[in-house]
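Peer 1: Quick one, structure for this:
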Amino acid sequence: MTDPSEYFTPDPQPAAAATMRRRLSIGLPATAGDREKRFSLTPEAVGVLTDRGYEVRIESGASATIHYADTDYMRQGACVTSRGESLQADIVITLGTLTPPDLRAMKRGAMLLTMLSSVISDCDILRELMRRNIVALAIDLIGDPEGHTPFADILNEINGRAAIAIASSMLASPDHGKGILLGGVAGIIPCEVLILGAGIAGRAAAASALGLGASVRMLDNDVYRLRRAAELPGCCVATSVMHPRVLENALRTADVIINTPMERPCTIDSHQVDLMKRGVIIMNLARNEGAPLCHAIPEIDITAADTLRAVPRGTRVCYTGPGNAVPRTAAMALSNTFLWLLRDIIGCDGAVNTVKMLPGVQRAVVTFLGKPVNCRAAEKAGMRAIDITLLLSCS
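Peer 2: I've put the predicted structure just below:
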């Protein structure tokens, strides 16, 4: 009998190999129980993420504050789910404050992208983050290779521009202001805007105020920041170091006062409050940095419509959260930055590797492997902060 091998030659064929990584999921829960109106991602940004292989889960109705419907996200490949399912994602993104029950619904070892103020607002939140081994990142502390803080910078710029837009509207209102234009008209002196701080928020507020025709004065203790503000194209800002007498003179004549983040936060005492004009519009953009601008003046979130209507005419109050009045602008700007960050995260393959490989992310970690690694968070929890490099060397 003839051997078949004489007529047939084996021809090995390559076998299909499963090399695809597990699909990472991103959860977008709604901001519940607080006045945070900003949302993290637009439908267009979600479409980019789904094209890159992410699974995006958005809580039903979460994007209502930025006037996008659930169907807008569904058309871009997102899954509209319950709150619990959105919290079960590998990466959860929210600008609001998650409650302890929300954190208990998250996966152990998941990554949470949020604001530092949202994490350190409650000791119970910190304890739950550590108990669940959640890697919590404060997006406002994340840095890029050039040393910038892209999330914090864009939010500060939006706050500065929104503050002037809102202040201008309030000045023209007979209920909250004097019924006057911020920029004045021919033959009438324009209003005076006093900006405390020459950082990104201060410079953005100055640019908007000058564009409306206002007279702008800026105070800061950092001469180099003041110089950068004075060198802006077409800038006519009067700058000065914040000497007590200079500050008091500026408070006497200001129609609008904008307090912005500074290295050393500014505070105003009750005597200086008495120097202010009646009907002055005061905005505090540095509320998340710690203490209020002045303990003698009540603070009101700009989105608290019921409270705003109850403020008697001529009463001095300090308004906070102007960025919440333009949440869609914030969502569009944040989407660009989140796309950059999430691209780097997926390249690192996991939360721990992300922290190890990205120095700009490492500086923003609040809790890691069940330990507090941020000094402000550790102080809030009554614990000592652990050096993250020690935890990374053990992981």
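
Peer 1: Which parts of this structure belong to which domain?
Peer 2: 25-141+327-394, 160-325 (automatic domain parsing).

Peer 1: Between those domains, which one is closest to Ile154.
Peer 2: Evaluated with Cβ to Cβ, the domains of the chain place domain 25-141+327-394 nearest to Ile154, the distance being 4.7 Å. Where you see a C-beta, it was placed from the backbone N, CA and C, and this is true even at glycine.

Peer 1: what about the closest one, average pLDDT?
Peer 2: The average pLDDT within domain 25-141+327-394 is 92.

Peer 1: and Pro145, what is it in contact with?
Peer 2: Neighbouring residues of Pro145 by Cβ atoms under 8 Å, 6 or more residues apart in numbering: Gly360.

Peer 1: Kindly reformat the domains of the chain as a markdown table and extend each row with mean neighbour count and distance to Thr149.
Peer 2: Listed next are these as a markdown table, based on neighbours: other Cβ atoms under 10 Å; distance: least, Cβ to Cβ, whole Å:
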| stretch | mean neighbour count | distance to Thr149 |
| --- | --- | --- |
| domain 25-141+327-394 | 19 | 7 |
| domain 160-325 | 18 | 9 |
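
Peer 1: can the ones you listed go into CSV with extra columns for distance to Asp153?
Peer 2: Formatted as CSV, the domains of the chain follow (distance: least, Cβ to Cβ, whole Å):
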stretch, distance to Asp153
domain 25-141+327-394, 9
domain 160-325, 5
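
Peer 1: Please name whichever of these is nearest to Phe151.
Peer 2: Of all the domains of the chain, domain 25-141+327-394 comes closest under Cβ to Cβ, at 4.2 Å.

Peer 1: ok, which stretches of the stretch 251-395 of the chain are helices?
Peer 2: Along the stretch 251-395 of the chain, the stretches classed as helices by DSSP state H, counting those that start in this stretch are 270-275, 305-310, 327-348, 351-357, 359-362, 375-381, 388-394.

Peer 1: Which of the three states applies to the residue positioned nearest the centre of the chain?
Peer 2: For the chain, the residue nearest the mean C-alpha position is Leu155 (5.2 Å; Cα atoms, centre = their mean). Here Leu155 takes the helix state, with states given by DSSP: H, G, I helix; E, B strand; the rest coil.

Peer 1: Give me the nearest residue to it, chain neighbours excluded.
Peer 2: Excluding the flanking residues, the one nearest Leu155 by Cβ to Cβ, 6 or more residues apart in numbering is Gly323, at 6.1 Å.
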